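*Asks:* Dropping the sequence and predicted coords here.
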Amino acid sequence: MSIEVAQPIPFKAEGPQPLMREIPPGEPYPVHALGPLLAAVGAVQDISQAPAAIAAQSALSIAALAVQGFADVEILGGGTAPCSLFCLTIAESGERKSTCDRLLMAGIRDHEAREAVTYREAFREYEVAAEIWQGKRKRLMADAAGADPGKALKAQAELQTLGPAPVEPLKLNITFQEPTIEGLFKFYQAGRPSVGLFTDEGGSFIGGHGMNTDNRLKTIAGYSSLWNGDKLTRMRAGDGTSDYPGRRLSMHVMVQPIIAHPFLADPLAAGQGFLARFLITDPPSAIGTRLRRGHDAGSRLNLDAFTARLAQILATPMPTGDTERELRPVTLPLSARARDLLWRFYEETELAQAQGGALEQIRSYGSKAAEQAARIAGVLTLWTDLDAREVAPEAMGWGTELARFYLGEARRLAESGAISEETNRAEMLRRWLLDSWP
């Protein structure tokens with residue numbers, strides 16, 4: 001009787017196994033939904049050969065900065081929201097983020113340069129007027145407190161008619177790169193009520209003084225209030241309470257993945273709903289494919305048209321109240337069909353937030369999606385016509401399609417935010433071993 005001996009199973013070596021689930025690539029950016037910004041975005045992509053999403057983020061945030069002071073858009077529930085947008089673009093160094101921003105910001109830079117000359121001249125006149133007023137008031141105060149009764153009475157009467165001190169001319173800066181929330185509040189006291197935070201070095205914003213352990217909560221709360229359009233209140237010992245109604249802020253922060261992912265995982269930023277206020281995208285890299293020489297002749301014309309429209313809006317006086325430092329934007333209503341489109345989008349996102357739904361893990365983003373859609377529609381409407389009477393269905397269609405894209409990006413990137421830097425580096429090493437180890 002023979003006994004069969006089992007043959008040993010040959011050893012099969014396996015390569016290093018993945019340390020985390022592969023994050024799927026995102027959907028292509030729906031550039032056709034940019035409406036009046038489409039030509040400019042196509043021009044910038046053509047000239048820079050950067051990913052379309054980067055150019056789109058720059059154009060959308062710049063358009064929001066330009067129009068946010070003019071009107072608040074109607075949202076569901078009978079309220080309104082500012083036409084302000086917070087955008088966060090995640091891309092490696094070398095993706096030509098700065099190039100996209102520079103091309104589209106040219107109109108703002110030219111406007112700031114012209115206004116700087118006007119401000120310097122107005123400030124010189126203010127200094128002279130203020131010195132004369134202070135000197136006259138000092139002399140009258142001395143006479144009012146003097147021993148001569150007649151002179152004192154005359155001085156008191158003149159003090160009553162002296163009037164208020166000359167007001168410092170409005171500081172006309174439009175954009176900042178990395179202000180602290182305290183610095184921004186201070187600017188709102190004396191400066192333009194509608195500004196933007198634009199930086200292609202987002203690490204200085206995310207890792208700067210305003211976002212350190214001691215200041216993070218205050219900074220997040222302040223920026224969130226500005227996104228909401230709330231009246232800002234600042235209380236300081238010795239200074240009392242200062243209110244800042246009618247202020248607007250739009251934002252575009254461009255940041256590298258190694259900095260963005262810990263920020264996406266920050267429990268305070270996520271738990272406070274701060275991250276959900278951003279339109280976030282992490283487009284596929286274009287590095288290694290940008291081999292085309294030159295660009296289309298029409299691209300420069302389309303970019304010039306965008307710059308001209310931007311200059312036209314910036315030159316238009318914004319609606320203000322008793323002081324030019326306080327905005328009083330009008331309400332931009334939704335047409336009946338636009339409101340119906342927005343309701344349908346709201347229903348779609350609300351149902352998806354239920355247990356087991358596609359948006360269950362990113363409910364904070366889902367709950368703001370309808371408002372984001374209305375804001376985007378409002379921006380695209382006002383960019384076309386500052387005197388528009390309502391948001392048309394076409395604009396709302398663009399708004400909901402873009403908001404749906406950003407929801408997809410938020411869902412896709414939610415998992416990457418939970419990955420530690422150490423695990424991310426280990427995964428990079430694993431890929432290097434597979435691809436490059438001889």
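*Replies:* Nice, thanks for sending it over. Numbers count the residues shown, from 1 in each chain.
*Asks:* For stretch 204-211, what does the pLDDT average out to?
*Replies:* For stretch 204-211, the mean pLDDT works out to 73.
*Asks:* Check which residues of that stretch are buried.
*Replies:* Ser204, Phe205, Ile206, Gly208, Gly210, Met211 (16 or more other CB atoms under 10 Å). Quick note: C-beta positions are derived from backbone N, CA and C, even for glycine.
*Asks:* these two touch, right, the third one and Val253?
*Replies:* Right, Ile206. Yes - when contacts are counted by CB atoms under 8 Å, Ile206 is listed as touching Val253 (7.4 Å).
*Asks:* Which single helix of the protein contains the most residues?
*Replies:* Assignment by DSSP state H gives helix 106-144 as the longest helix of the chain.
*Asks:* Who are the packing partners of it?
*Replies:* The helices and strands touching helix 106-144, judged by 3 or more CB pairs under 8 Å, 6 or more residues apart in numbering; DSSP states H and E, are helix 149-160, helix 297-314.
*Asks:* Return the list of helices and strands in contact with the longest strand seen in the chain.
*Replies:* For the chain, the strand with the greatest residue count under DSSP state E is strand 248-255. Secondary-structure packing of strand 248-255 (3+ CB pairs under 8 Å, 6+ apart): helix 52-67, strand 86-90, helix 97-104, strand 194-199, helix 202-206, helix 216-228.
*Asks:* and the next element down the chain from that strand?
*Replies:* Later in the chain than strand 248-255, the nearest helix or strand by DSSP states H and E is helix 257-264.
*Asks:* so what does that next one touch, helix or strand wise?
*Replies:* On a contact count with 3+ CB pairs under 8 Å, 6+ apart, helix 257-264 meets strand 86-90, helix 202-206, helix 421-436.
*Asks:* for the ones you listed, which one sits closest to Tyr223?
*Replies:* For Tyr223, the closest of these is strand 86-90, at 7.7 Å, according to CB to CB.
*Asks:* Partner strands of the closest one and their direction?
*Replies:* Strand 86-90 has its sheet partners listed here by DSSP bridges as strand 248-255 (parallel), strand 278-281 (parallel).
*Asks:* Give me the three-state assignment for Gln355.
*Replies:* coil (DSSP: H, G, I helix; E, B strand; the rest coil).
*Asks:* phi, psi of it?
*Replies:* For Gln355, the backbone dihedrals are phi -60, psi 130 (criterion: degrees, to the nearest 10).
*Asks:* what pLDDT does it get?
*Replies:* For Gln355, the model assigns a pLDDT of 93.
*Asks:* What is the burial count for it?
*Replies:* Neighbourhood size, Gln355 [other CB atoms under 10 Å]: 5.
*Asks:* What of His261?
*Replies:* When neighbours are counted by other CB under 10 Å, His261 registers 20.
*Asks:* could you measure it against Gly298, distance?
*Replies:* Separation of His261 from Gly298 (CB to CB, to the nearest Å) stands at 38 Å.
*Asks:* And Leu342, by the same measure?
*Replies:* Applying CB to CB to Leu342 and Gly298 gives a distance of 34 Å.
*Asks:* quick one, which of the two is more surrounded?
*Replies:* Higher neighbour count among Leu342 and Gly298: Leu342, with 25 against 12, using other CB under 10 Å.
*Asks:* which residues are contacting the host helix or strand of that one?
*Replies:* Take DSSP H and E as the rule and Leu342 turns out to sit in helix 336-352. Outside of helix 336-352, the residues that reach it under the criterion CB atoms under 8 Å, 6 or more residues apart in numbering are 74-76, 334, 357-360, 366-367, 369-370, 373-374, 377, 390-393, 395-397, 399-400, 403-404, 407.
*Asks:* picking that back up, I'd like to know which of the buried residues of stretch 204-211 is nearest to His111.
*Replies:* Phe205 (23.2 Å).
*Asks:* what about the closest residue in space to that closest one that isn't next to it in sequence, distance to Phe86?
*Replies:* Excluding its sequence neighbours, the residue lying closest to Phe205 (CB to CB, 6 or more residues apart in numbering) is Glu178, at 5.1 Å. Separation of Glu178 from Phe86 (CB to CB): 15 Å.
*Asks:* which of those two has more neighbours?
*Replies:* Per other CB under 10 Å, whichever of Glu178 and Phe86 has more neighbours is Phe86, with 25 against 19.
*Asks:* Isn't that one up against Asn228?
*Replies:* No - with contacts defined as CB under 8 Å, Phe86 does not count as touching Asn228, sitting 11.2 Å away.
*Asks:* Show the contacting residues for the closest residue to Gln361 other than its chain neighbours.
*Replies:* Nearest non-adjacent residue to Gln361, counting by CB to CB, 6+ apart: Ala414, 5.8 Å away. Taking CB under 8 Å, 6+ apart, we find Ala414 in contact with Leu264, Gln361, Ile362.
*Asks:* so the second one sits in a helix?
*Replies:* Yes - the assignment for Gln361 (three-state DSSP) places it in a helix.
*Asks:* you'd agree it is up against Arg411?
*Replies:* Yes - Gln361 lies in contact with Arg411 (CB under 8 Å); the separation is 7.3 Å.
*Asks:* Gly288: how many residues sit nearby?
*Replies:* Gly288 - counted by other CB under 10 Å - has 6 other residues nearby.
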